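# Below are the sequence and a predicted model for it; my questions follow.
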Amino acid sequence: MNNLTLFLLSANLLILLGHVAGSKVLQIRGIPIAKSSLYPSDRDFQCLDGSLIIPFSHVNDNYCDCADGSDEPGTPACTNGSFYCENSGHKPRYIPSTWVNDGVCDCCDTSDEYSSGKECPNNCNELGKEARLEQQKAEELIREGNKIRMEMIAKGKQLKTDYQARLVKLRAEYEEAELVKKEKELLKTQAEERESAALEKYKQTEPEQSTAEEGEEEEELRESDAEDYFKLLDSDNSGTVTIAELQVRVTFDKDRDGAVSEEEALFFLNDQKEVDLQEFVTSAWTNVKPFLMLEQGMFKPADQREEGEDEEEEEAQEPIEEKSEQEKGEDDGAEGEDRADDEQKKTEESQVQYDEETQALIDEATVARENFQTAEKSVNELLTEIRKFEEKLDRDFGVDNEFAPLDGECFEYTNLEYIYTLCMFSKTTQRSKSGGSDIILGHWNDWNGPDGQKYSRMKYDNGLSCWNGPARSTVVNLSCGRENKLVSVTEPSRCEYAMEFSTPAVCNLSQDSANAHDEL
């Protein structure tokens, strides 16, 4: 082989591989030098997926031989390949191989447009300088935020300690309140027995009206009672009735197993975790009322009625079905008179004058009932408080409890149309600027950040259902900031909301240092 032949072979090899001047190592175009060992020039090339062996001269020959595109890292021949921009002075990066020699400068060192004729300025140093300045600002932000984060950690740990102490005290108060309740219940029972015995001589001798319809008219709860009962259930005066507030009342123990399960509570709240007054009256009250009436003895279930009651109802209803419109009108008038008579009787009963001894027993029973109700309310309120603090102690407030100080804090964001509210570890809402009630966009569920960044994202779900759509939900993305602030709110998909929240709680200096980019 003569010298000319050797020269031509060497020249072709340099063109194919891209030789680095002054180096004995052949730099394969489109890969970092650290991967050069995967492309040995003294033997055939094996595709990196192991699927094929080709002559080394076929590497970067602008023809795609390997299924994984590994034989063409420096040309656009393989649509699934990638090209490495070294970008000395800035960040190295990979770009799709299809971008190579396409007339667009993608690498700041111009290496991707080596044969397209496109003149690209090498501006890696300028871009690197700007990137380093941005990184310095980011590092300064993290340092400042981390100082506040350490304060939040200290406060969070103290809150946990306070919660534990408060829970111990509440449990002791609850045990004492239970004893008082049992005592008041016994006194109430005894007083009512004496009251009942004393009232025997004042009972009316007139027969009770037989129709179940009239009995129900006297006993049925009025719809206006819903608001009063809502206030009774809302033991923490939060403006909503929750699952926890229903679970302390035996009224809602549907299966009578001694405990109100979450499923039973959800039934009464129309499958919602909490309802406000309007929702309670319009939807939940329908489920609550029959059980409340049953508890207060206002009616008996069908399977508990005495024999003959159903027959009496049918007999009372049959003539009504056969009456003419004129007769019905006459009956309506008579019914109005009967109701007036009933009201008069009630008034007369309320004006009955009892002897001094009987009145004293009635007064004693009334006081006993009031004392029992007060004791029962105290027990329920304590139980609600206990469950609240148990939930706080069980809640995941971060590795170092750094999020504990944010518990219950609410933040607002306003755009042209709506006011959005994020209440940490509670719920997210939307309210129109023109007025109206809050729409719940989700209740606190859990953290759901990616691996290694669990506490970078919060999930709120089971919000108010959209019209002919799913229940609303919200994802809250957390970023490092000097203050706790709701930065923006969007709706990427129908009924799915995304909130951006900045907080010092995620300004973790040690974690950021571990992820720092040395190339800058």
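Received it, and whenever you're ready, just let me know what you need. A quick note: this is a predicted structure, and the numbers were derived from the prediction, not measured.
# Buried residues of the helix or strand Glu390 falls within, list them for me.
Secondary structure from DSSP states H and E places Glu390 in helix 356-394. Within helix 356-394, the residues that count as buried by 16 or more other CB atoms under 10 Å are 358, 361-362, 364-365, 368-369, 371-372, 375-376, 378-389, 392. To be clear about C-beta, it is placed using only N, CA and C from the backbone, and glycine gets the same treatment.
# And stretch 34-46, by the same measure?
For stretch 34-46, burial by neighbour count (16+ other CB under 10 Å) applies to Ser36, Tyr39, Phe45, Gln46.
# Which member of the residues you listed is positioned nearest Gly156?
Nearest to Gly156 among the buried residues of stretch 34-46, counting by CB to CB, is Ser36 at 50.6 Å.
# burial measure for Met424, as a count.
Neighbour count of Met424, defined by other CB atoms under 10 Å: 22.
# likewise Leu292?
For Leu292, using other CB under 10 Å, the count is 17.
# pretty sure it contacts Thr251?
Yes: assessed by CB atoms under 8 Å, Leu292 is found in contact with Thr251 at 6.1 Å.
# Output the below-cut-off pLDDT ranges for the stretch 151-300 of the chain.
204-224, 258, 296-300 (pLDDT under 70).
# in it, which spans are helices?
Listed in chain order, the helices found in the stretch 151-300 of the chain under DSSP state H, counting those that start in this stretch are 212-219, 225-233, 243-247, 262-268, 277-279, 285-295.
# tell me the contacts of the residue nearest to Ser283 when sequence neighbours are not counted?
Spatial nearest neighbour of Ser283, chain neighbours left out: Asn270 (4.6 Å); criterion: CB to CB, 6 or more residues apart in numbering. By CB atoms under 8 Å, 6 or more residues apart in numbering, the residues touching Asn270 are Glu279, Ser283, Ala284, Asn287.
# neighbours around the closest residue to the last one other than its chain neighbours, how many?
So the one you mean is Asn287. Spatially, and ignoring its direct neighbours in sequence, Asn287 is nearest to Phe268 (4.9 Å; CB to CB, 6+ apart). As a burial measure, Phe268 scores 25 neighbours (other CB under 10 Å).
# if we can go back for a sec, dump the contacts of Asn270 to CSV, plus distance to Trp99 and neighbour count.
What follows is those, written out as CSV (distance: CB to CB, whole Å; neighbours: other CB atoms under 10 Å):
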residue, distance to Trp99, neighbour count
Glu279, 55, 20
Ser283, 57, 15
Ala284, 59, 21
Asn287, 62, 14
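# Adding distance to Asp102, write those residues out as CSV.
Formatted as CSV, these follow (distance: CB to CB, whole Å):
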residue, distance to Asp102
Glu279, 59
Ser283, 60
Ala284, 63
Asn287, 65
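# quick check: domain ranges of the protein?
Here the domain parsing of the chain from automatic domain parsing is 12-122, 408-514.
# how about stretch 269-280: buried residues?
Neighbour-count burial for stretch 269-280 [16+ other CB under 10 Å]: Leu269, Gln272, Lys273, Glu274, Val275, Asp276, Glu279, Phe280.
# ok, the closest residue to Glu185 other than its chain neighbours - contacts?
Leaving aside its sequence neighbours, Glu185 sits nearest to Phe372 (CB to CB, 6+ apart; 5.5 Å). Residues in contact with Phe372 (CB under 8 Å, 6+ apart) are Lys181, Lys184, Glu185, Leu187, Lys188.
# at 10 Å what do you get?
Phe372 sits next to Val180, Lys181, Lys182, Glu183, Lys184, Glu185, Leu186, Leu187, Lys188, Thr189, Ala191, Glu192 when contact means CB atoms under 10 Å, 6 or more residues apart in numbering.
# just Arg93 next, same as before
Ser82, Phe83, Tyr84, Cys85, Glu86, Asn87, Asp106, Cys107, Cys108 are the contacts of Arg93 under CB under 10 Å, 6+ apart.
# Model confidence for it, exactly?
For Arg93, the model assigns a pLDDT of 93.
# now do the one 10 residues further on
What the model reports for Gly103 is a pLDDT of 92.
# next one: the one 3 residues further on
For Asp106, the model assigns a pLDDT of 94.
# Does it touch Phe83 like I think?
Yes: contact criterion CB atoms under 10 Å: Asp106 and Phe83 qualify, at 8.4 Å.
# between these two, which one's more packed in?
Shown here are Asp106 and Phe83; by other CB under 10 Å, Phe83 has more neighbours (25 against 17).
# residue ranges with poor pLDDT in the stretch 1-150 of the chain?
The model of the stretch 1-150 of the chain has pLDDT under 70 over residues 1-26.
# those strands in it, which residues are they?
Applying DSSP state E, counting those that start in this stretch to the stretch 1-150 of the chain gives strands spanning 45-46, 53-54, 82-85, 93-96.
# now those in a markdown table, with distance to Gly117?
Formatted as a markdown table, the strands of the stretch 1-150 of the chain follow (distance: least, CB to CB, whole Å):
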| stretch | distance to Gly117 |
| --- | --- |
| strand 45-46 | 29 |
| strand 53-54 | 29 |
| strand 82-85 | 18 |
| strand 93-96 | 19 |
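# Which of the ones you listed sits closest to Ser432?
For those, proximity to Ser432 was assessed by CB to CB; strand 93-96 is nearest, at 45.1 Å.
# What strands flank the closest one, and is each parallel or antiparallel?
strand 82-85 (antiparallel) (DSSP bridges).
# Now do the strand it pairs with: everything it contacts.
Outside strand 82-85, the residues that touch it by CB under 10 Å, 6+ apart are 28-35, 69-70, 72-76, 91-101, 106-112, 124.
# mind redoing it with 7 Å?
Strand 82-85 is contacted from outside by 30-32, 73-74, 92-97, 99-100, 107, 109, 111-112, using CB atoms under 7 Å, 6 or more residues apart in numbering.
# try stretch 48-60
Residues from elsewhere that reach stretch 48-60, judged by CB under 7 Å, 6+ apart: 16-17, 28-29, 38-39, 41, 43-46, 65-68, 70-75.
# Give the buried residues for that stretch.
Buried-residue list, stretch 48-60, by 16+ other CB under 10 Å: Leu52, Ile54, Phe56, His58, Val59, Asn60.
# could you dump those to CSV with distance to Gly398?
Listed next are the buried residues of stretch 48-60 as CSV, based on distance: CB to CB, whole Å:
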residue, distance to Gly398
Leu52, 50
Ile54, 53
Phe56, 54
His58, 54
Val59, 51
Asn60, 50
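# Could you check how far Asn462 is from Asp236?
For Asn462, the distance to Asp236 equals 20 Å [CB to CB, to the nearest Å].
# Between these two, tell me which one has more neighbours.
Comparing Asn462 with Asp236 by other CB under 10 Å, the one with more neighbours is Asn462, at 17 against 14.
# For the more buried one, give its distance to Leu422.
When Asn462 is compared with Leu422 (using CB to CB), they lie 16 Å apart.
# State whether Leu233 and Gly239 are indeed in contact, as I suppose.
No: using CB atoms under 7 Å, Leu233 makes no contact with Gly239, being 11.7 Å away.
# Of those two, which one has the most company?
For Leu233 versus Gly239, neighbours defined as other CB under 10 Å are more numerous around Leu233 (21 against 10).
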